[in-house]
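Visitor: model this:
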Amino acid sequence: MKDNSSEEETFSSSVFIRFVEYLSFGAAVLSAVLVVFTLFMTGYSVFQRYVLGTPITWTDEMSGFLVVAIVMLGAAETLRRGEHISVDLLTSKATGRRKKALGIWSYLATAFLAAVIFISTWEAVKFSYTIGVYSSGYLEAPLWIPQSFLLVGSGLLFLISLVRAYDGLRSRKGD
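Guide: Sure, this is the predicted structure:
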């Protein structure tokens, strides 16, 4: 009789991993759309201010919120692709199991940092929503909305970090 429990476990974990990767990619696509939107919004604002002489007051504040969204939504995909900025002082000298262990350690450290950001942001979003905190600029946006991008981005970063650490543990490369 064949034992299917390990096959089912592998299949379910690969489905979860693929789902997290699709979420990461979707967030990165949204991030790219927000970059283009921010570019057009800024260009429109400059046109209004310097050509028509009628400045738009809320675009600077909106740009700041969008930059946070762009960075946080793109962070997980950047990590997934291995295109993040890293210090390779130790990993460039390491080989085999040490290099693999350092890679796993870096993903776990990233997961820990993402979890800390997620937990503190959760508290901030909850507070802003409950109390009804608004931005102090011309936009007067409810602050829980731009803060939520930190929540989504750190959550995705946490998941991708765990997925990459899991991949590192399962791989035979470096043994």
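
Visitor: where does the chain have low pLDDT?
Guide: 1-13, 83, 85-94, 172-175 (pLDDT under 70).

Visitor: State which helix of it is the longest.
Guide: Longest among the helix segments of the chain by residue count, using DSSP state H, is helix 5-50.

Visitor: now that one, how far from the centre of its chain.
Guide: Relative to the chain's own centre, helix 5-50 is displaced by 9 Å; criterion: CA atoms, centre = their mean, to the nearest Å.

Visitor: next structured bit after that helix?
Guide: Downstream of helix 5-50, the first helix or strand assigned by DSSP states H and E is helix 59-81.

Visitor: Tell me what angle that next one forms with helix 5-50.
Guide: Angle between the axes of helix 59-81 and helix 5-50 is 150 degrees (criterion: axes from the mean of the first three to the mean of the last three CA atoms, to 10 degrees).

Visitor: what comes up buried for helix 59-81?
Guide: Neighbour-count burial for helix 59-81 flags 59, 61-62, 65-66, 69-70, 72-80 (criterion: 16 or more other CB atoms under 10 Å). C-beta here means a position set from N, CA and C on the backbone, and glycine is covered the same way.

Visitor: so what does that helix touch, helix or strand wise?
Guide: helix 5-50, helix 144-170 (3 or more CB pairs under 8 Å, 6 or more residues apart in numbering; DSSP states H and E).

Visitor: returning to that earlier point: for the longest helix of the chain, packing partners?
Guide: Packing partners of helix 5-50 (3+ CB pairs under 8 Å, 6+ apart): helix 59-81, helix 144-170.

Visitor: Now render those helices as CSV, adding distance to R98.
Guide: Below are these laid out as CSV (distance: least, CB to CB, whole Å):
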stretch, distance to R98
helix 59-81, 21
helix 144-170, 13
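
Visitor: L113: which of these is closest?
Guide: helix 144-170 (8.2 Å; CB to CB).

Visitor: For the closest one, buried residues please.
Guide: Using 16+ other CB under 10 Å as the test for burial, helix 144-170 gives 144, 146-165, 168.

Visitor: now the helices and strands packed on helix 59-81 as a markdown table including distance to A115?
Guide: Rendered in a markdown table, the data for the helices and strands packed on helix 59-81 read as follows (distance: least, CB to CB, whole Å):
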| stretch | distance to A115 |
| --- | --- |
| helix 5-50 | 15 |
| helix 144-170 | 5 |
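
Visitor: H84 is nearest to which of those helices?
Guide: helix 144-170 (9.9 Å).

Visitor: what angle do the closest one and helix 5-50 make?
Guide: Computed by the same axes, to 10 degrees, the angle between helix 144-170 and helix 5-50 is 140 degrees.

Visitor: Show me how far helix 144-170 is from its chain's centre.
Guide: On the basis of CA atoms, centre = their mean, the separation between the geometric centre of helix 144-170 and that of its chain is 6 Å.
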